[in-house]
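take a look and give me a structure for this.
(2 chains)
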Protein chains: 2
Amino acid sequence: MRRTLQDVIMDLQRFWADQGCVIWQPYHTQVGAGTMNPATFLRVLGPEPWRVAYVEPSIRPDDARYGENPNRLQQHYQFQVILKPDPGNPQEIYLQSLLHLGVDPALHDIRFVEDNWESPALSAWGLGWEVWLDGQEITQFTYFQQAGGIVLDPVSVEITYGLERILIALNDLDHFTSIPWNERYTYGDMNLASEQERSRYYFEIAGVANLWEMYSRAEAEAESALAAGLVLPAHDYVLQCSHLFNLLDTRGAIGVTERAGLFNRMRDLSRRVAEAYLAQRQALGFPWLEAATAAPAAVLPPAAELAAPADFVLEVGTEELPAGDLSSAIDQLRQAVPRLLEAARLEHGEIRVLGTPRRLAVLVDSLAQRQAQQVTTVKGPPADRAFTPDGKPTAAAEGFARSRGLAVEELDVREIDGGRYAVAEVSEAGRPSTAVLAERLPGLIADLKFERAMRWESSGATFSRPVRWLLALHGDQVVPFGFAGLQSGRRTRGLRLRTPEALAVDQAGDYLGILGQAGVVLDPRQRREQIAREAAAMAAEVDGEYAEDNNLLDEVTNLVETPAVFRGSFAEEHLALPQEVLTAVMKKHQRYFPVRRGGALLPYFLGVRNGDRLGLESVVKGNEHVLRARYADAAYFVRRDLEHSLEHYREALSRLTFQTQLGSMLDKSQRVEMLVAKLAHALNLTSGERSSAVRAAHLCKADLMTEMVVEMTSLQGVMGEKYALRAGEPADVAQAIREHYLPRQAEDGLPATRAGLAVGVADRLDTLVGLFAVGLQPSGTKDPFALRRAAIGLIQLLARTETAIDLRQGIELAAEGMPVTVSDAARQDCLAFIIGREEALFGEGRAYDVVAAVLAAQGHNPASALQAIDRLGEVVRQPGWPARLQAYARCVRITRSEAERHSVDAARLREAAEASLLEAVERAEATSRRTGSVDDFFSVFDPLVPPITRFFDEILVMADEIPLRQSRLGLLQRIAALSDGVAELSRLEGF
Amino acid sequence: MRRTLQDVIMDLQRFWADQGCVIWQPYHTQVGAGTMNPATFLRVLGPEPWRVAYVEPSIRPDDARYGENPNRLQQHYQFQVILKPDPGNPQEIYLQSLLHLGVDPALHDIRFVEDNWESPALSAWGLGWEVWLDGQEITQFTYFQQAGGIVLDPVSVEITYGLERILIALNDLDHFTSIPWNERYTYGDMNLASEQERSRYYFEIAGVANLWEMYSRAEAEAESALAAGLVLPAHDYVLQCSHLFNLLDTRGAIGVTERAGLFNRMRDLSRRVAEAYLAQRQALGFPWLEAATAAPAAVLPPAAELAAPADFVLEVGTEELPAGDLSSAIDQLRQAVPRLLEAARLEHGEIRVLGTPRRLAVLVDSLAQRQAQQVTTVKGPPADRAFTPDGKPTAAAEGFARSRGLAVEELDVREIDGGRYAVAEVSEAGRPSTAVLAERLPGLIADLKFERAMRWESSGATFSRPVRWLLALHGDQVVPFGFAGLQSGRRTRGLRLRTPEALAVDQAGDYLGILGQAGVVLDPRQRREQIAREAAAMAAEVDGEYAEDNNLLDEVTNLVETPAVFRGSFAEEHLALPQEVLTAVMKKHQRYFPVRRGGALLPYFLGVRNGDRLGLESVVKGNEHVLRARYADAAYFVRRDLEHSLEHYREALSRLTFQTQLGSMLDKSQRVEMLVAKLAHALNLTSGERSSAVRAAHLCKADLMTEMVVEMTSLQGVMGEKYALRAGEPADVAQAIREHYLPRQAEDGLPATRAGLAVGVADRLDTLVGLFAVGLQPSGTKDPFALRRAAIGLIQLLARTETAIDLRQGIELAAEGMPVTVSDAARQDCLAFIIGREEALFGEGRAYDVVAAVLAAQGHNPASALQAIDRLGEVVRQPGWPARLQAYARCVRITRSEAERHSVDAARLREAAEASLLEAVERAEATSRRTGSVDDFFSVFDPLVPPITRFFDEILVMADEIPLRQSRLGLLQRIAALSDGVAELSRLEGF
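Down below sits the predicted model:
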């Protein structure tokens, strides 16, 4: 049946009106999402209930595609629903609405895929999902946790339908332009011209100076309105600011720093708008607040005691857990459950913890029906006061026995802590397991920790996603407890949208079988193996290999309750796109496995559906459509990008502010280019490497202005390399462009080219020195410019490639090129900051004192420092170490308080012990050593140990005669100085 | 049944979707009306068909009322429908939609009240109606004629529902806040805070400088977008400009001149947007254009010929004609029909032309069935060539006779123009009336002229409003003809929404009876009498008098097909409002008659419903609601206005630009104040009058900044008087404030106070001199500053109060105070312009030569000039006039070519005739005369006539001796100069 856009909208309006929603209208200001409409942004604040539904034509300039992309548009129609508070079954209501629109769930793959939402401009966030219909994101489903900086209580459920995608899916179309709007017109008839024109406006025409001016005026109006306490007028201007920001951003006119600053200002305004709204409603006494009508929670009857050990099962039924949270929860339960049973003195057989996105299950074999008995020894009065010397109990003993419920004859005497006491052995009978578990299970669930947890109901319980049912059975008995407003019971649920969804479990032992029959594969390992097996087979069918990817496989395993692998294909022409692009889209966006043959990609992908193989053709079709759209998008970007040279994009960097005082990204890249040239010597570059590095530095940031990179930042450098090759740059220059970003994180690869290394070092030094110079170093937890990452990257780059270089010099050279003065303090702070990162980085798994000692002496050279740390670490573990340290320490300790370095007057050192030491020291000093080398240090120091020992044995350093004393101290100071640049040995333990 | 806003919207969406409309969404930019949404503004352009319906939250800052007014809001929800082309029955479809919403037409008064629409900013206009439901405007119904400066073909029907008012009516509510939005929330819940906050923002907070800057930036972006050919982005910025303009206007920051300038710029942009859109669609080949499917018009069979004279009736059925157009059409038909019948040689009895808003009817008693026979005399060859001298016909005679179908014997001989000719008497038989009328009736209808006519269908016919049926019967025969795509027939229609609406008429003679039975009162006179009678009776019921108002009565008569007068009441508290306000609202807005007792208003009004008395209670209720809302609005304004002093508003005039170079309205009022002081002497003010006038001038423009006047400009001065009295100003000052605007038009009253007169003169002088000084005098038909009206007002003021004043001096004094230099040319042009107006004004009904003669001499003093004109007019009609003129003329003619004035050397004038003339002239010159007085002129001139005559008889002026000649000429020049300042007699006829 052909569905038209306008009918779908009218149907949704009717559906949600019937759910008690206010039907609201789109907002009169350009918004990026229905969330910004005050019917959402403001109404979710505060305690008053609220239900609303409305269409919102949402405008996102950077999604403009000249109408070419199948489903990406600068304006798309959202249908927005807010349910506040959570009705308890919002997913089910939502799925009903899809049925109402004609989506047959049996023929499609409907999935809730983790997607957390955050709007920096609105200071808002929430947790939830994208809902996928055959791989296509058709809805955003979010439990709103915060808006305008205010924690939401109650939480609102936000459901945002993407109408174009739903219509494409419902009508099995290839492109948004074909969507029937009504019986006569298509979506293309209505809006294609708008897409084309607005794309051109955003990308080519919009006047940056005008838009900036409008921005600042709108901001000023927002301030005036707020100052007058006017919530809605202020909000309107915040929205205008947000739209103007998006326009400027799409036009490439907003730099990294500016972005952060603008976000801060918009966030601040949003917060004040939200606070003002809340204050307004409060002043009105929250007029929509209803009298609390919640029935008091029913108190569950205690379970009957079992006659014998029996199987136990706990199932926590949830809305779809994020893949990572599911793994983490299973791991935590595997540790927590045995501890809990032990603490509860409950004997048990095997424990299994299993789970799917919708349930966590703990299965315990033959769990005792009752706690083990516990015997405690209670200390009474001292034996000599409890018993007469002839062993008769005294009144004290009788009182003690009575207080413990024993006969006085049952008392015993024991020696405790060196004294003798009367003692009573008290045995405590165990309680029934059901009662014990009823007390402890809520804590078991509540104690689970998640990276991000959410609230959803009035008790304030938090969890990864809402918990919707609790099954807890010991044998045939329900273990009665409550959590997050729910009561435990014996009902579980099968797969979504299969009838009957609710399933009763009589016995704990039946649980696994019932779920298995319902099609739920409870064991992650089993799902994982099935996916890998099916994927391999499907790849083989097209003579390909399934490219195993453990991370992805783990994730996909956790996205389904029952997996069905399918193979889709895409047009061969898309293989012309860079492989990184193809696989990034497949894996990151769609969770597909690529198919390769001999390393090369084939035009296929392997997806995993949640469910069986019924209607798989339409699932495949839907997924293919999605991938086609995404590849079309990528191809569009690449095509557009190739319309200009890299030099063109490089020049465009002048529009991208790096930081106000430090200039544009073009300025930065010019500085990096100069710095690379200066560092070439220090980095030992050959002249060929040097010129490659300079060229690479010249072009290294250019791809930031290409559309492909603007779209997928993760491709920065990758696209730079491709485009450079296309432009005929030498291969090593192109490669260096990509590599200068390496390493991007801890386990990442390193540049293979020296040029890439050099540019990477220069780029990071420029960033660090520049931002320290203008006072934007990280403070507290704030690090808006990611300087920590820059420093860590720099350190890893140098240390892992064993590139010794003195960062003091590097900082000096970087400072030379800065457009601002770099104060001495800034240079020192910058170096100290980098050394601080080294401490953290190198400290892992190494002795802290060794790390500190070396960094204090040569932290300015990370590669050398790391080698020294490792070597010194070995040295201090050697048997002779204390004596060596001792000898050195004696020299240091006695000279430590001297304010100056004394010169040594050899003529005064007439004693043999001192003369021979001087001779030894001069020999040591004359020895050539590698900078920072621990071994070289010890090779000169070790020969000094005997003369040092003799010196201290025979010589009184603190002679009365001052010049003599100073010469002796000076000699010792020269010994202490031998470790300069290697390690401050005084920081070592045992010094 | 309670109707909720959201259900009404959903019902309307469904209803119009079923009519084939695209269901569209509100626009993402603040718009004042759904018309501005491109789904209307652009889609109505060009030939492509289009049907659309959508909600549009429409924002009009100056309607903001802090949520206090019952139905006036800064944002109201429109439901907008476009039908292109006209479907032929759009009113009927619309009325069906009301039924669909639950409006029972039998219980309500549904009216189509003329309301033509124009949007200067969009360069768009159309003709149509407000639809009234019980006096409440619930819909705007317009046939769009032009948009973006482009003539629309086909015409679009635009239907704009005002949802709040419909909901108020459907639920019988008092205030918009009570409208149920859904089952749970009211409109107030949703939007009251928005109304309050935004009102405050618009009136108190909005930052003028910021908004101006945003305006200019938006305008610049619109230009860039247009330059790139981008229609929609340009349109968006035009809309932003429009909204910003509205904000600035509401904030009182836009002066008269600026307004005109801004409108011009916005109009220009809109036009270019529209042209660009049209060009775009054309380039696409107008893809939505359908193949023409209109069936060829059926050719009506000719009517059978009647056997005898019979009654004739022509009914032109229309959609509701404007009251003025109905009167005018009836008048035109009363003249045209007899002429037509005469020209057609159709004998007839009485002719009656009657009509209602929905029909024009021509009734002719016993119209001949056939044209009268016509006998024509045709001139043949000269008699002497047609007949031999013996009277025999020649070949020429025979040929002539044959060519006329006569025997040669039937020729006759007549004398024509002095010659004798053979003549033939040709008699032409009449054709059947039906055939003759069929040819002539289309022209009869097409020739009707209306002040504004419209097109609505594809033939391009124009009429006041669409013609929807044609009834034309002669006896029992249809007179077959076509007009505007319609064919004539025998069907008429009864009252709207009464069944059966269509009525067949067998015989012309039945027509009146059938309509009467259907309740249509076809005769305007009858309706008028009925209304007056019922109104008087209803007023009497409450001991009041019906305040007859002929203009209003005429209008109301033409608004109904069958009248039913009803009486409503309003709260007594509203009587506290100024009576002018109360009656202006009643008459102008609502077409109600006030009820008075002894001159004072009673809290009642008399309305006239279209229809019978069924359900009259709800009609009364609805009308009372409307009036209550309007009075609440007025009370709101007055209350707000009284929060500040008049001085406060006067100072606020600094925000209102009068003209860029001439400064603000405050500057102007300061100039007027100074000018009044200077003019006091010339105007012969007493010192008391002078100080009142100065004070009045000080305050005279202050009320322009009050909300009541901003709302109803017609109350300027009226409110100034009220507020001045409230502020304790002397009564004559207050009165002068009101009176300085008098006379506002030709028949208007005059100031009763001298102070009012003085301020009125000064105000107009300032306007005229100032705008001439800066070169903004009227040119061609353009007169943006209404300087013609200012000049006419000034002239009437002076002339009708007989206030003689020399405008040359007035202009001089006004020029002194100007902030710009007033060139001599500007002063002269200004005076000439005023004199030009005098010529037009005084010329009516007076001899043009007399007017020209007087104005040439004393046009600078209108009062004096008018008296002189009237007096001179009498003089020239007296018997002795030619001789007097002759005497004067002789003196002038002979001296006319002299370049200089000659002095008279009395010694040389030795002849008696010249000496006595000199003596007489000296006596005349010595006589004291009133400035400009005609009588005084003649009283000194008449005695000169004899000596002049003698002089010319006896003296040769042009003597050979030069000094003598010059003395004689000089003497005559002195006679000619006697009429200086009175009249240039040389301009008189007969001179």
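
residue ranges with poor pLDDT in the stretch 451-600 of chain A?
Across the stretch 451-600 of chain A, nothing is flagged by pLDDT under 70.

got the residue ranges for the helices in it?
A:511-517, A:524-541, A:550-557, A:579-584 (DSSP state H, counting those that start in this stretch).

again, but for the stretch 301-450 of chain A
Going by DSSP H, counting those that start in this stretch, the stretch 301-450 of chain A shows helices at A:323-343, A:383-386, A:395-403, A:433-446.

so what does the first one touch, helix or strand wise?
Of the remaining helices and strands, those touching helix A:323-343 by 3 or more CB pairs under 8 Å, 6 or more residues apart in numbering or on different chains; DSSP states H and E are strand A:351-356, strand A:359-367, helix A:433-446, helix A:524-541, helix A:550-557. (Each C-beta comes from the backbone N, C-alpha and C, glycine too.)

which stretch among those is buried most, on average?
strand A:359-367 (a mean of 22; mean count of other CB atoms under 10 Å in any protein chain shown).

which helices and strands does it pack with?
Checking 3+ CB pairs under 8 Å, 6+ apart, strand A:359-367 ends up next to strand A:310-318, helix A:323-343, strand A:351-356, helix A:511-517.

so A:Met958 sits right up against A:Arg965, yeah?
Yes: between A:Met958 and A:Arg965 there is a contact at 5.8 Å, judged by CB atoms under 8 Å.

and those two? Which one has more around it.
A:Arg965 (16 against 10; other CB atoms under 10 Å in any protein chain shown).

relative to helix B:208-227, how tilted is the helix or strand A:Glu223 falls within?
Using DSSP states H and E, A:Glu223 falls within helix A:208-227. Orientation check (axes from the mean of the first three to the mean of the last three CA atoms, to 10 degrees): helix A:208-227 against helix B:208-227 gives 150 degrees.

helices or strands up against helix A:208-227?
Packing partners of helix A:208-227 (3+ CB pairs under 8 Å, 6+ apart): helix A:231-250, helix A:256-283, helix B:208-227.

what's the angle from the last one to helix B:256-283?
With the same axes, to 10 degrees as the basis, helix B:208-227 and helix B:256-283 are set at 30 degrees to each other.

restrict helix B:208-227 to CA atoms and write it as PDB.
These are the backbone C-alpha positions of helix B:208-227, laid out as PDB (Å, rounded to 0.1, in the frame of the first residue of the first chain):
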ATOM      1  CA  VAL B 208      16.000  49.100  18.400                       C
ATOM      2  CA  ALA B 209      19.600  49.400  17.300                       C
ATOM      3  CA  ASN B 210      20.000  45.600  17.200                       C
ATOM      4  CA  LEU B 211      16.900  45.200  15.200                       C
ATOM      5  CA  TRP B 212      17.900  47.800  12.700                       C
ATOM      6  CA  GLU B 213      21.300  46.100  12.300                       C
ATOM      7  CA  MET B 214      19.700  42.700  11.800                       C
ATOM      8  CA  TYR B 215      17.300  44.300   9.300                       C
ATOM      9  CA  SER B 216      20.000  45.700   7.200                       C
ATOM     10  CA  ARG B 217      22.000  42.400   7.300                       C
ATOM     11  CA  ALA B 218      19.000  40.400   6.400                       C
ATOM     12  CA  GLU B 219      18.400  42.700   3.500                       C
ATOM     13  CA  ALA B 220      21.900  42.300   2.300                       C
ATOM     14  CA  GLU B 221      21.600  38.500   2.500                       C
ATOM     15  CA  ALA B 222      18.400  38.700   0.500                       C
ATOM     16  CA  GLU B 223      20.300  40.700  -2.200                       C
ATOM     17  CA  SER B 224      23.100  38.200  -2.300                       C
ATOM     18  CA  ALA B 225      20.700  35.300  -2.600                       C
ATOM     19  CA  LEU B 226      18.800  37.000  -5.400                       C
ATOM     20  CA  ALA B 227      22.000  37.900  -7.200                       C
END
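
list the contacts of A:Leu346.
A:367-368, A:371-372, A:433, A:436-437 (CB atoms under 8 Å, 6 or more residues apart in numbering or on different chains).

which one among the residues you listed gets closest to chain B?
A:Leu437 (43.4 Å; CB to the nearest CB).

mean pLDDT added to the helices of the stretch 301-450 of chain A, as CSV?
As requested, these are exported to CSV (pLDDT from 0 to 100):
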stretch, mean pLDDT
helix A:323-343, 96
helix A:383-386, 88
helix A:395-403, 88
helix A:433-446, 95
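
looking at these, which is closest to B:Gln487?
helix A:323-343 (74.7 Å; CB to CB).

would you mind listing the buried residues in that closest one?
For helix A:323-343, the neighbour count (16 or more other CB atoms under 10 Å in any protein chain shown) marks A:323-330, A:332-333, A:336-337, A:340-341 as buried.

so A:Pro154 makes contact with A:Gly88?
No: the criterion here is CB under 8 Å, and A:Pro154 misses it with A:Gly88 at 11.8 Å.

higher neighbour count, the two?
The residue with more neighbours, out of A:Pro154 and A:Gly88, is A:Pro154; 20 against 15, by other CB under 10 Å.

look up the closest residue to that one, ignoring the ones flanking it.
A:Pro85 (3.5 Å; CB to CB, 6 or more residues apart in numbering or on different chains).

do the same with A:Ala401
A:Val408 (4.2 Å).

burial count for that neighbour?
Counted with other CB under 10 Å, A:Val408 comes out at 18.

what's the answer for the one 4 residues further on, then?
The local packing count at A:Asp412 equals 13, with neighbours defined by other CB under 10 Å.

and for A:Phe79?
A:Phe79 has 22 nearby residues by other CB under 10 Å.

quick one: pLDDT of it?
A:Phe79 is assigned a predicted lDDT (pLDDT) of 98.

that one belongs to a helix?
No: membership of A:Phe79 in a helix is not supported by DSSP: H, G, I helix; E, B strand; the rest coil, which gives strand.

wait, which of the helices and strands packed on helix A:323-343 is closest to A:Asn116?
If we rank the helices and strands packed on helix A:323-343 by CB to CB, the stretch that ends up nearest is helix A:550-557, at 15.0 Å.

against which helices or strands is that closest one packed?
Checking 3+ CB pairs under 8 Å, 6+ apart, helix A:550-557 ends up next to helix A:323-343, helix A:524-541.

thank you kindly, that will do.
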